[in-house]
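Student: Sequence and predicted structure, then a few things I'm wondering about:
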Amino acid sequence: MRSRGLIVVLSVLCIGIAVGAAAFFFSTHRPGRSGVTANFAPTVPTGLFAQPLSSSRIKLSWTASRDDKKVIGYVIYRDGKMAGSSETNSYTDTGLAPGTSHTYSVVAYDDQKAPSMPPWS
């Protein structure tokens with residue numbers, strides 16, 4: 001997508017653990033409780049869309065993730081580094097240099113801090 005000198009390359013994180021699998025599984029032991037509690041990580045955010053707002057600002061939006069508990073937020077990565085976070089399925093990135101190209105990725109987190117996909121993948 002190109003607008004007013006701002007070039008954006010979008011990427012949507014996807015996983016292929018097994019056919020039909022789209023989540024990591026975490027087991028946690030909660031102090032004071034017996035046994036192990038299962039926690040499935042949120043689904044990977046999909047449909048990442050960029051809307052240029054100016055030569056230095058861009059609004060990102062995506063389809064909200066689902067989770068067996070509760071999705072509490074998203075972390076947005078620009079060029080592999082954390083750019084910010086959002087409690088909703090949108091984020092405005094500011095302070096971008098005109099004429100530069102960026103790659104964005106979004107990771108969802110649930111109330112157990114389980115990521116939809118590790119940010120280093």
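Tutor: Nice, I can see it. In this text the structure is predicted, and so the values were computed from the model without any measurement.
Student: nearest spatial neighbour of residue 114, skipping sequence neighbours?
Tutor: Nearest residue to residue 114 in three dimensions, chain neighbours excluded: residue 41, at 4.1 Å (CB to CB, 6 or more residues apart in numbering). Any C-beta I mention is one placed from the backbone N, CA and C, and that applies to glycine too.
Student: what's residue 112 sitting at in phi/psi?
Tutor: For residue 112, the backbone dihedrals (degrees, to the nearest 10) come out as phi -100, psi 10.
Student: Next, count neighbours for it.
Tutor: By other CB atoms under 10 Å, 17 other residues sit near residue 112.
Student: Please verify my assumption that it contacts residue 68.
Tutor: No. Look at residue 112 against residue 68 with CB atoms under 8 Å: they stay out of range, at 9.8 Å.
Student: circling back: wait, doesn't the residue nearest to residue 114 sit right on residue 67?
Tutor: Yes. Residue 41 is in contact with residue 67 according to CB under 8 Å; the separation is 7.4 Å.
Student: if I look at those two, which residues touch both of them?
Tutor: Counting by CB atoms under 8 Å, 6 or more residues apart in numbering, the shared contacts of residue 41 and residue 67 are residue 110.
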